[in-house]
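Visitor: sharing a model prediction with you, sequence too.
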2 protein chains.
Amino acid sequence: MRPVVEPVARLIDEFSRLPGIGPKTASRLVFYLLRAPEEQAQSLADAVRELRKRIIFCSVCFNITESDPCAICTDEGRDRSVICVVEEPLDVVAIERTRDYQGLYHVLHGTIAPVQGIGPDELRIAELLPRLDAVLPVREVIIATNPNMEGEATAMYVARQLEGRGIRVTRLARGLPMGGDLEYADEMTLSRALSGRQVIV
Amino acid sequence: MRPVVEPVARLIDEFSRLPGIGPKTASRLVFYLLRAPEEQAQSLADAVRELRKRIIFCSVCFNITESDPCAICTDEGRDRSVICVVEEPLDVVAIERTRDYQGLYHVLHGTIAPVQGIGPDELRIAELLPRLDAVLPVREVIIATNPNMEGEATAMYVARQLEGRGIRVTRLARGLPMGGDLEYADEMTLSRALSGRQVIV
């Protein structure tokens, strides 16, 4: 006989397909759900189903939303002359949490990664350009892709597309993280922090 | 505006309720599912729903099963005179994988843990006793609870319940793990390995 019954094996398989979840974690989750209150399992199943039913991507900025265009794109209170380009919807959440940004967003949905066969056409880069010719002209594009190799390459590519349009193109500052320790900073970060040093007096 | 739309927030909450999944992992999973093929999300939701619909506990050994009694309890080829007592259904899977055990099982569904308010009555210990008086008498009960404090306490408790019935009660050997390194073994394991040493010549 098979040691694990089919519905258990099947859910272990499904959980294992998720990123960062190996077969061991997957079976721990399944056996937890077997013993959890019935309503918790039901509620998880419903939430997964609802996710794909109700969530769409905004046709302007490609962030996730329940209505198109999204709440940020339609918010009259936001500064329409600044667009912040990010890799993922989660990055929008992170920036919104600072409460320091009042402009719009543009979600690329990934980075250029030739090794994985992801070129510029797989991202929402082309869709950024028509936004720059809106009624109210865009004066700044902040490129907020991640400070790693793919993020830098994507930033360079996007920046080149924007050249010659008289738009200010900026990139988030790279340097020592707040609360970090210089002693433990890696060379790349430290070298960036040095070259990007700012005059204080 | 809320930075995260409701269906996303809800699924992040549901994932976060699972053991070992924090809010960060939960949102990573949700954003993965948003981009995965529609059928994968659907398939995960179905698998979770099916799990609770189709899986029951065997009324004899309390292992998980789709039919009651389970495939092991009804298997005529198995040795009905030996019962192996384990904490969890996953332990049955682990022992079955060795292909060295042909007896039956009894799943306690936990260990005695007074700190968490789990006493013997919360486990399937009482249900073990009537099994010993079956038509074919049980001659050995192997206690295979985990080699940690709760597991040892539970093993002692179960062993005491079985005293005076003329049944052999055994416990899985504790010692150095195969492929392990004596140099890195903890004191408890090494001390167990010493006291349980076996004559080889």
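Guide: Nice, I can see it. Numbering: from 1, shown residues only, chains lettered A, B, ... in the order given.
Visitor: where along chain A do the helices fall?
Guide: A:6-16, A:23-35, A:38-54, A:89-98, A:128-131, A:149-162, A:187-195 (DSSP state H).
Visitor: what's the offset of the last one from the middle of its chain?
Guide: I take that to be helix A:187-195. Going by CA atoms, centre = their mean, to the nearest Å, the spacing between the C-alpha centre of helix A:187-195 and its chain's C-alpha centre is 24 Å.
Visitor: and the helices of chain A: which comes nearest residue B:169?
Guide: helix A:23-35 (26.6 Å; CB to CB). C-betas here are computed from N, CA, C, even on glycine.
Visitor: buried residues in the closest one?
Guide: Within helix A:23-35, the residues that count as buried by 16 or more other CB atoms under 10 Å in any protein chain shown are A:25-34.
Visitor: restricting to these, which residues neighbour chain B?
Guide: A:25, A:27-34 (CB under 8 Å from any CB of the partner chain).
Visitor: pLDDT (mean, whole number) over the longest strand along chain A?
Guide: Looking across chain A with DSSP state E, the single longest strand is strand A:79-86. Strand A:79-86 shows an average pLDDT of 94 in the prediction.
Visitor: who touches it?
Guide: For strand A:79-86, the surrounding residues in contact (CB atoms under 8 Å, 6 or more residues apart in numbering or on different chains) are A:92, A:95, A:101-108, A:128, A:131-132, A:134, A:136-145, A:158.
Visitor: ok, and of these, which contact chain B?
Guide: Subset of those in contact with chain B: residue A:92, counting by CB under 8 Å from any CB.
Visitor: tell me the contacts of residue A:41?
Guide: Residue A:41 touches A:33, B:48-49, B:51-52, counting by CB under 8 Å, 6+ apart.
Visitor: tell me which of the residues you listed is nearest to residue B:77?
Guide: Proximity of these to residue B:77 (CB to CB) peaks at residue B:51, which lies at 28.3 Å.
Visitor: middle-most residue in chain A, spatially?
Guide: residue A:88 (1.6 Å; CA atoms, centre = their mean).
Visitor: any regions of chain A where pLDDT drops low?
Guide: Residue ranges of chain A with pLDDT under 70: A:1-3, A:201.
Visitor: domain-wise, how is it divided?
Guide: A:6-54, A:64-199 (automatic domain parsing).
Visitor: pick the most buried one from these.
Guide: domain A:6-54 (a mean of 18; mean count of other CB atoms under 10 Å in any protein chain shown).
Visitor: and it, how far apart are its ends?
Guide: 30 Å (CA to CA, to the nearest Å).
Visitor: what sits against the residue nearest to the centre of chain A?
Guide: A:107, A:109-110, B:31.
Visitor: got TSV for these, with distance to residue B:174 too?
Guide: Formatted as TSV, those follow (distance: CB to CB, whole Å):
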residue	distance to residue B:174
A:107	54
A:109	52
A:110	50
B:31	44
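Visitor: so which of those are in strands?
Guide: Using DSSP E to define strands, the subset of the contacts of residue A:88 located there is residue A:107.
Visitor: with the contacts of residue A:88 in mind, which one is nearest to residue A:13?
Guide: Distance to residue A:13 across the contacts of residue A:88 (CB to CB) is lowest for residue B:31, with 21.0 Å.
Visitor: just so I know, which of the helices of chain A lies nearest residue B:168?
Guide: helix A:23-35 (30.0 Å).
Visitor: who's in contact with the closest one?
Guide: With contact meaning CB under 8 Å, 6+ apart, helix A:23-35 is reached by A:8, A:11-13, A:15-16, A:21, A:40-41, A:44, B:18-21, B:48, B:51-52, B:55, B:64, B:88-90, B:93, B:109.
Visitor: same check, this time on stretch A:44-56
Guide: A:33, A:64-66, A:68, B:5-8, B:10-11, B:13-15, B:17-18, B:30, B:33-34, B:38, B:41-42, B:44-46, B:48-49.
Visitor: may I ask which two of the contacts of residue A:41 are separated the most?
Guide: Farthest apart among those - using CB to CB - are A:33 and B:49, which lie 10.7 Å from each other.
Visitor: show me what contacts the nearest residue to residue A:162 once chain neighbours are set aside?
Guide: Spatial nearest neighbour of residue A:162, chain neighbours left out: residue A:169 (5.1 Å); criterion: CB to CB, 6 or more residues apart in numbering or on different chains. Applying CB under 8 Å, 6+ apart, one finds that residue A:169 lies in contact with A:140-141, A:143, A:158-159, A:162-163.
Visitor: specify the beta-bridge partners of residue A:169.
Guide: Beta-bridge partners for residue A:169, by DSSP bridges, are residue A:141.
Visitor: follow-up on the earlier one: can I get the helices of chain A in JSON lines with distance to residue B:179?
Guide: Below are these laid out as JSON lines (distance: least, CB to CB, whole Å):
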{"stretch": "helix A:6-16", "distance to residue B:179": "25"}
{"stretch": "helix A:23-35", "distance to residue B:179": "18"}
{"stretch": "helix A:38-54", "distance to residue B:179": "37"}
{"stretch": "helix A:89-98", "distance to residue B:179": "40"}
{"stretch": "helix A:128-131", "distance to residue B:179": "54"}
{"stretch": "helix A:149-162", "distance to residue B:179": "37"}
{"stretch": "helix A:187-195", "distance to residue B:179": "38"}
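Visitor: quick one: which of these is nearest residue B:200?
Guide: Going by CB to CB, the one of the helices of chain A nearest residue B:200 is helix A:23-35, 34.0 Å.
Visitor: so how far is stretch A:130-138 off the chain centroid?
Guide: That offset, for stretch A:130-138, works out to 23 Å (CA atoms, centre = their mean).
Visitor: now do the end-to-end distance for that stretch.
Guide: So stretch A:130-138: terminal residues 11 Å apart, CA to CA.
Visitor: swap in stretch A:12-22?
Guide: First-to-last residue span, stretch A:12-22, CA to CA: 9 Å.
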